[in-house]
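Colleague: Sharing a sequence plus its predicted fold:
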Amino acid sequence: MERLDKILSGTGRWSRREVKDLVKAGRVTADGAVVRRPEEKFDRAATVLAVDGEAVDGEKYVYLMLHKPGGVLSATEDPKQPTVLDLLPPYLRRIGLFPVGRLDKDTEGLLLLTNDGPLGHRLLAPKKHVDKVYFVRVDGELDKVDSAAFRAGMTLGDGLQCLPAELEVLEPSDTGLVTLREGKYHQVKRMLAARGKPVVYLKRLSMGPITLDPDLVPGAWRPLTEAEREALEGLR
């Protein structure tokens, strides 16, 4: 059981002061009954809360899929450059969302945003080895020798040891699919640079059980479906 003002302010749409004013005006209902006190407690999962007759999602955690465009930082704030949170409406920027992992500024594709800290930690924990699949285009031609090097696990010139990964060469041969089981800094770019085939375009297609929705254009987002959220729960 949680206080109404905490539940509603947690959506980011209203401050606690604004919730108090909404209640005072009789604009908030719980299961159809007008709420009289902002401190009244409810079970957020079992109660239909509404403001002005419109149901409010009072769930504790929010999970979003974003198609990250190039030129945007995978960060919560930056004084000089736009971040992925700037692509969201104001009310979603006030509830503590953060990107699960990072994509380079010029990299596109799937990015999960949530305020569920424990889940974000588990998705990024090295021992989980959550697969991440990327589409890549390089300056050069990929071949079976490159794929074999990825499968064997590479040690880069700076001493970074990479776990075995997959590189599927596509047509044309300057493109491929890379599957990583870890997420070290600029890893795809560094591995392919070590093969003498620098990356010119990179896009993340999936992370664990979540695949980028093909209907999302760069910069667009949507909440995860119930099935997608259940799939993430299986990683806990």
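Modeller: In hand now; what should we look at? Note that the structure is a prediction, hence the values are computed from the model and not measured.
Colleague: Helices of the chain, start to end?
Modeller: Along the chain, the stretches classed as helices by DSSP state H are 4-9, 16-24, 117-124, 144-152, 187-194, 226-233.
Colleague: Neighbours of the nearest residue to Val48 once chain neighbours are set aside, how many?
Modeller: Of all residues not flanking Val48 in the chain, Asp31 sits nearest, at 5.4 Å (C-beta to C-beta, 6 or more residues apart in numbering). From N, CA and C alone the C-beta is placed, and that goes for glycine too. Neighbours of Asp31 under the rule other C-beta atoms under 10 Å: 11.
Colleague: And for Leu142?
Modeller: Leu142 has 24 neighbouring residues, counting by other C-beta under 10 Å.
Colleague: can you tell me how far it sits from Val178?
Modeller: Relative to Val178, Leu142 is positioned 10 Å away (C-beta to C-beta, to the nearest Å).
Colleague: Could you pull out the residues contacting both of those two?
Modeller: Leu167 (C-beta atoms under 8 Å, 6 or more residues apart in numbering).
Colleague: follow-up on the earlier one: out of the helices of the chain, which comes closest to Tyr63?
Modeller: Nearest to Tyr63 among the helices of the chain is helix 226-233; the distance by C-beta to C-beta comes to 5.7 Å.
Colleague: now the helices of the chain as CSV including mean pLDDT and mean neighbour count?
Modeller: As requested, the helices of the chain are exported to CSV (pLDDT from 0 to 100; neighbours: other C-beta atoms under 10 Å):
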stretch, mean pLDDT, mean neighbour count
helix 4-9, 88, 22
helix 16-24, 92, 16
helix 117-124, 82, 15
helix 144-152, 97, 14
helix 187-194, 96, 20
helix 226-233, 88, 13
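Colleague: Can you tell me which of the ones you listed is nearest to Leu87?
Modeller: helix 117-124 (18.3 Å).
Colleague: ok now the longest strand seen in the chain, how far from the chain's centre?
Modeller: If you go by DSSP state E, the chain has its longest strand at strand 199-207. Distance of strand 199-207 from its chain centroid, counting by C-alpha atoms, centre = their mean, to the nearest Å, is 14 Å.
Colleague: for stretch 66-81, same thing?
Modeller: Between the mean C-alpha location of stretch 66-81 and the chain-wide mean there is a distance of 12 Å, by C-alpha atoms, centre = their mean.
Colleague: go on, stretch 194-212?
Modeller: 15 Å.
Colleague: Going forward, the N-terminal residue is numbered 5.
Modeller: In the new count, where the first residue is 5, that last one comes out as stretch 198-216.
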